[in-house]
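[1] sequence and predicted structure, then a few things I'm wondering about:
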Amino acid sequence: MSKKLGFYVDTNSCQGCKTCQITCKDKNDLKIGQLFRQVFEVEGGGYTVSGYGIVPHVYAYYISMSCNHCEEPKCVDVCPTGASYQRADDGLVLINEDRCIGCRLCEWACPYKARQFDGKKMTKCDACHDLLAKGQNPACVDACPCRALDFGPIEELQLKYPGTTKDFKGLPDSSLTKPATLFKAHKNAIQY
C-alpha cells in the first residue's frame, strides 16, 4: 500500500450534534435506520457522599464512528463471494455491490457495527471515495462544525495529531482488526 488512509476523531471536541451523521445520510441518500456514520454517547462516573451532601463525578463524551477501514478487516475475511475487499493502493475497505449476496456475514464480523443491510445488499462508509477522487474530503469531515474529524494518510494524521490512541472506553480492542482511525481520547476515557 502506498498511503494508508484513515480518519481522525477528537472526542474532546465532538459535541454530539450529529451533523456528520446527517451529512453522510444525506450525501448517500440512505434509508430510514441506515447510517454509515453514527455518533455514540459514552457516559459513566458516579457520586460520593460527604458531609456536604452528594458530590457527582459523572461524565459523558461522544464518539463519531464509521467504517474504520481496518488493516485486518474481519468483514473481508468472512465474505464468501469476495464482494468485500480492501484496495491495495490506499487501504479503503469497499463493497462490490454486484458480487454481494446479502448474507450479512460481514455485518456480524465487524466489531464496530459499521456494516448496514439495506434489505438486499450490504452497504457501508466508503470514505466518500468519489469525493476523494476529486481531491476533496469525505462529506462528514467538512460538515463537522467543531472540526472534530479529519481524514488523510494515517502517518500524516499521526504527525499532525500526536498523542492519539485506538483504544479507550467505548471501543472494541484495536488488536481485533487494527483500525485505520485515530482518536484523541476524551479526558475521562479510561484507556486500556
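    Arrived safely, thanks for sending.

[2] show me what the helix ranked longest in the chain is packed up against.
    When the chain is parsed with DSSP state H, its longest helix is helix 19-27. Applying 3 or more CB pairs under 8 Å, 6 or more residues apart in numbering; DSSP states H and E, we find helix 19-27 packed against strand 38-50, helix 139-143. C-beta coordinates here come from the backbone N, C-alpha and C atoms, glycine included.

[3] lowest average pLDDT across these?
    Among those, strand 38-50 carries the lowest mean pLDDT, at a mean of 91.

[4] following the chain onward from that one, which element is next?
    As assigned by DSSP states H and E, the chain's next helix or strand after strand 38-50 is strand 53-65.

[5] mind listing what's buried in that next one?
    The neighbour-count check on strand 53-65 (16 or more other CB atoms under 10 Å) flags 61-65 as buried.

[6] same check on stretch 125-132?
    For stretch 125-132, the neighbour count (16+ other CB under 10 Å) marks 125-128, 131-132 as buried.

[7] about what we covered before: Cys75 is nearest to which of the helices and strands packed on helix 19-27?
    Comparing these against Cys75 with CB to CB, the closest turns out to be strand 38-50 (16.3 Å).

[8] how distant is the closest one from the center of its chain?
    22 Å (CA atoms, centre = their mean, to the nearest Å).

[9] so it versus helix 19-27, what angle?
    With axes from the mean of the first three to the mean of the last three CA atoms, to 10 degrees applied, the angle from strand 38-50 to helix 19-27 works out at 160 degrees.

[10] what about the strands in this structure?
    Under the criterion DSSP state E, the chain contains strands at 5-10, 38-50, 53-65, 84-86, 93-95, 116-117, 122-123, 149-153, 181-184.

[11] dump the residue contacts of the nearest residue to Gly45 once chain neighbours are set aside.
    Closest residue in space to Gly45, ignoring its immediate chain neighbours: Val58 at 3.7 Å, by CB to CB, 6 or more residues apart in numbering. By CB atoms under 8 Å, 6 or more residues apart in numbering, Val58 lies in contact with 43-47.
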